[in-house]
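>>> Any chance you could fold what I've pasted below:
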Amino acid sequence: MEAVIVVVMIAVGVIIALAMLVSMAAAERERQGIRQTVPRGDRQHVAASILFNLLVAGGTTPEESMREIRTRAGLPNPVSTGIDMASWSERYALMATPEQRKWLLEAAVQLLAARKEPVPLRQYSSLLDLTFGLGFQIDVLSRLRDQYGFEYVDHAKNARPREADRSGGATPLFVRNPQSETALLGVLGLSGSVTRPAIIAAYRRLAAQHHPDRVFGEPEEVQQAAALRFIEITRAYDVLLATHPD
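Reported below is the predicted structural model:
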């Protein structure tokens, strides 16, 4: 009789342990499902979704965006809409080689440059999210901008394209002079002698605070104020990063 009781108790214990393991596994699958909206390793799907949402952010219709990424980028994959550009870019970076990361950023710039019109601020901020998510800094994006010749709408200059800041088209972008660095550092909340990592950290903190997505849907004056500040800190960052190489 005692032996039967022992066997029953062992059986009950095993059943309880299995139930707990099943419950824990289900909870982990649910948690992973919330964090991941596409299968791991589906690199082309992630790339296609990033490019699709980047084009849509600039006002391109979904149908035209699909045609663009198929014909110009060679990505026939289905896409996910309404993605978070920063997190999806980081996900792609984990899946991809350095050459594939460079390809995706260059493909994004080529798609925007092909439209032959200034890039809206919301779209440009998405491009910045892509750049940082892939592990690059803005100097890489600046070189691609100059290589493919696209401009972004600068709300700090009454919605003029960046080219409007050039003198007769011959002056380099963001004219640098010895007296400007102190003011530019002040824009990022920095002073004195600074390092490249400090500049990057300050920019990312401020860009997150003034990112256009944070005020999307707010009154026009709120959006314009955020746009002005976002472009101001981006311009300062662009210049300072170029003058503080690794």
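>>> From the contact counts, what lies against the helix or strand containing Ala227?
For Ala227, the host element (DSSP states H and E) is helix 220-243. Judged by 3 or more C-beta pairs under 8 Å, 6 or more residues apart in numbering; DSSP states H and E, the packing partners of helix 220-243 are helix 121-133, helix 138-148, helix 180-187, helix 196-210. The way it works is simple: take the backbone N, C-alpha and C, and place the C-beta from them, glycine included.
>>> residues in contact with that helix?
The contact list for helix 220-243, computed with C-beta atoms under 8 Å, 6 or more residues apart in numbering, reads 121, 125, 128, 137-139, 142, 154-156, 174, 176, 180-181, 184-185, 187-188, 196, 199-200, 203, 206-207, 210-212, 214-216.
>>> any idea of the angle it forms with helix 121-133?
Orientation check (axes from the mean of the first three to the mean of the last three C-alpha atoms, to 10 degrees): helix 220-243 against helix 121-133 gives 40 degrees.
>>> Which positions in helix 220-243 come out as buried?
Within helix 220-243, the residues that count as buried by 16 or more other C-beta atoms under 10 Å are 223-224, 226-241.
>>> low-confidence ranges in this structure?
Judged against pLDDT under 70, the low-scoring parts of the chain cover residues 1-41, 153-179, 246.
>>> which residue is nearest the middle of it?
Asp129 (1.8 Å; C-alpha atoms, centre = their mean).
>>> need the contact list for Leu188.
Ile199, Ala202, Tyr203, Leu206, Ile233, Ala236, Tyr237, Leu240.
>>> Looking at those, which two lie furthest apart in space?
The distance between the two most remote of the contacts of Leu188 (C-beta to C-beta) is 12.4 Å, for Leu206 and Leu240.
>>> ok, back up a step: so which of the helices and strands packed on helix 220-243 gets nearest Leu55?
Nearest to Leu55, of all the helices and strands packed on helix 220-243, is helix 121-133, at 8.1 Å by C-beta to C-beta.
>>> Tell me what angle the closest one forms with helix 196-210.
Using the same axes, to 10 degrees: helix 121-133 against helix 196-210 is 140 degrees.
>>> Could you list every helix and strand in contact with helix 121-133?
With 3+ C-beta pairs under 8 Å, 6+ apart as the test, helix 121-133 has helix 43-57, helix 85-95, helix 98-113, helix 138-148, helix 220-243 packed against it.
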